[in-house]
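Participant: Need coordinates for the following:
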Amino acid sequence: MPLFEYECRKCGHVTTFLESYHSGKSHECEKCGARDTVKRVSAFAAQVHAPSAGSSVSAGPSCPTGTCPLS
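Facilitator: Below you'll find the predicted structure:
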């Protein structure tokens, strides 16, 4: 399940909830108790792994000598 951030319209406090995308639940501000919260657009991070040894997918240009000083 993804994490969603909700901002309280009354005090501006932001709270994060773990919930399904289509939950439709209303949330109470943990700071002031107001039930007037709005879902925020939040940043996320993705982790990308390099291809395993023997893979035919290239992660980028390679050095012609096979010994790249930048790798």
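Participant: What helices and strands are in contact with the helix or strand containing Val38?
Facilitator: Assigned by DSSP states H and E, Val38 belongs to strand 37-39. If you count contacts as 3 or more C-beta pairs under 8 Å, 6 or more residues apart in numbering; DSSP states H and E, strand 37-39 packs onto strand 3-8. Glycine gets a C-beta too; all of them are placed from N, C-alpha and C.
Participant: strand partners of the strand it packs on, parallel vs antiparallel please.
Facilitator: strand 14-18 (antiparallel), strand 37-39 (antiparallel) (DSSP bridges).
Participant: residues of the strand holding Val38 that come out buried?
Facilitator: Thr37 (16 or more other C-beta atoms under 10 Å).
Participant: Quick one: mean pLDDT over it.
Facilitator: For strand 37-39, mean pLDDT rounds to 91.
Participant: coming back round to it: and the strands paired with strand 3-8 as TSV, adding distance to Cys8?
Facilitator: Shown next, in TSV, are the strands paired with strand 3-8 (distance: least, C-beta to C-beta, whole Å):
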stretch	distance to Cys8
strand 14-18	8
strand 37-39	5
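Participant: and Thr67, which of the ones you listed is closest to it?
Facilitator: Thr67 lies closest, by C-beta to C-beta, to one member of the strands paired with strand 3-8: strand 14-18, at 45.6 Å.
Participant: List of residues touching the closest one?
Facilitator: Contact with strand 14-18 is made by 1-8, 27, 29-31, 37, 40, as judged by C-beta atoms under 8 Å, 6 or more residues apart in numbering.
Participant: Widest-spaced pair of these?
Facilitator: Greatest spatial distance in these: Met1 and Lys31, 23.5 Å, computed using C-beta to C-beta.
Participant: who's more crowded, these two?
Facilitator: Lys31 (13 against 9; other C-beta atoms under 10 Å).
Participant: wait, the more buried one sits on Cys8?
Facilitator: Yes - between Lys31 and Cys8 a contact is recorded at 6.8 Å, counting by C-beta atoms under 8 Å.
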